[in-house]
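A.B. asks: Dropping the sequence and predicted coords here.
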Amino acid sequence: MFLKRITLQHERIPTFRDYPFSIPSIRHLDQVDIKSPVTFFVGENGTGKSTLLEAVAEQCGFNTAGGGRNNYYDVHASESALGKYIRLSWLPKVTNGFFLRSESFYQFASHVDDVGAQGAYGGRSLHEQSHGEAFLSLFLNRFTGRAIYLLDEPEAALSPQRQLSFLKVLHDLVSSGDSQFIIATHSPILLGYPDATILSFDEETIQEVTYEETEHYQLTRYFLENRKRFLRELLYS
């Protein structure tokens, strides 16, 4: 593990009325201790998990549109509104890594083609692969040791089977002892990764929860075990 703590610098914030400090989990943020090589951010849409992850990416020096420290391209509105207000504590600090921003992955793939770097991603343009194949190609070819990886909803392009494949990639990197992951996700499959820390953004303060306490697990389990009743109540009540 490299990144140990994320701290909000309250003294630098001019007002807590405006975005992103209007988000309860960000407004009440003091510090977040990172305890595991794999940390998940979970919560409903708009609860601040992607906002905080993007801020970490900016402080790491990664392109907040998606990429590493050497990927230079622009995407509209990709700047972090929170980045300059947080401080990261490292032991030791690493400069290698990658920020995966699912919503701008198309632009990242175009950037790879523009600079002629297809060889670093399995020798094929990411655009010539399905969305899920391109994600896995990124994971398999770009992700190496001694680095921190920040992933915003990597399941967006992955089927359940591909999500399991990603878990194997993640496990192999973590088992080597020199990779750290922080992942914002809605996937109950990814959240099942053993010994990960799960931080929930659903309350006013960020709280550590167990896998079984997540709404993702509870809702998915209830749906699978009570599908007909669930749909009847949802659609016809």
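C.D. replies: Structure's in. What do you need?
A.B. asks: Strands of this structure, residue ranges please.
C.D. replies: Ranges of strands within the chain are 3-8, 31-33, 38-42, 86-90, 97-101, 147-152, 179-184, 197-200, 207-209, based on DSSP state E.
A.B. asks: Adding mean pLDDT, distance to Gly132 and mean neighbour count, write these out as a markdown table.
C.D. replies: For the C-beta atoms, the positions are set from N, CA and C on the backbone; glycine is no exception. Putting these into a markdown table (pLDDT from 0 to 100; distance: least, CB to CB, whole Å; neighbours: other CB atoms under 10 Å) gives the following:
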| stretch | mean pLDDT | distance to Gly132 | mean neighbour count |
| --- | --- | --- | --- |
| strand 3-8 | 97 | 28 | 18 |
| strand 31-33 | 97 | 30 | 15 |
| strand 38-42 | 98 | 20 | 25 |
| strand 86-90 | 97 | 31 | 15 |
| strand 97-101 | 89 | 13 | 25 |
| strand 147-152 | 95 | 14 | 24 |
| strand 179-184 | 97 | 17 | 24 |
| strand 197-200 | 98 | 24 | 21 |
| strand 207-209 | 98 | 28 | 15 |
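A.B. asks: now those strands in JSON lines, with distance to Leu126?
C.D. replies: Shown next, in JSON lines, are the strands of the chain (distance: least, CB to CB, whole Å):
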{"stretch": "strand 3-8", "distance to Leu126": "27"}
{"stretch": "strand 31-33", "distance to Leu126": "32"}
{"stretch": "strand 38-42", "distance to Leu126": "25"}
{"stretch": "strand 86-90", "distance to Leu126": "29"}
{"stretch": "strand 97-101", "distance to Leu126": "12"}
{"stretch": "strand 147-152", "distance to Leu126": "16"}
{"stretch": "strand 179-184", "distance to Leu126": "20"}
{"stretch": "strand 197-200", "distance to Leu126": "30"}
{"stretch": "strand 207-209", "distance to Leu126": "34"}
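A.B. asks: can you tell me which of the ones you listed comes nearest to Glu128?
C.D. replies: If you check each of these against Glu128 by CB to CB, strand 97-101 wins as the nearest, at 19.2 Å.
A.B. asks: Hey, what's the angle from the helix-or-strand element of the chain with minimal mean pLDDT to strand 97-101? Just curious.
C.D. replies: The least trusted helix or strand in the chain, going by mean pLDDT, DSSP states H and E, turns out to be helix 105-114, with a mean of 72. Angle, helix 105-114 to strand 97-101, by axes from the mean of the first three to the mean of the last three CA atoms, to 10 degrees: 130 degrees.
A.B. asks: Before I go, just wanted to say thanks for your time.
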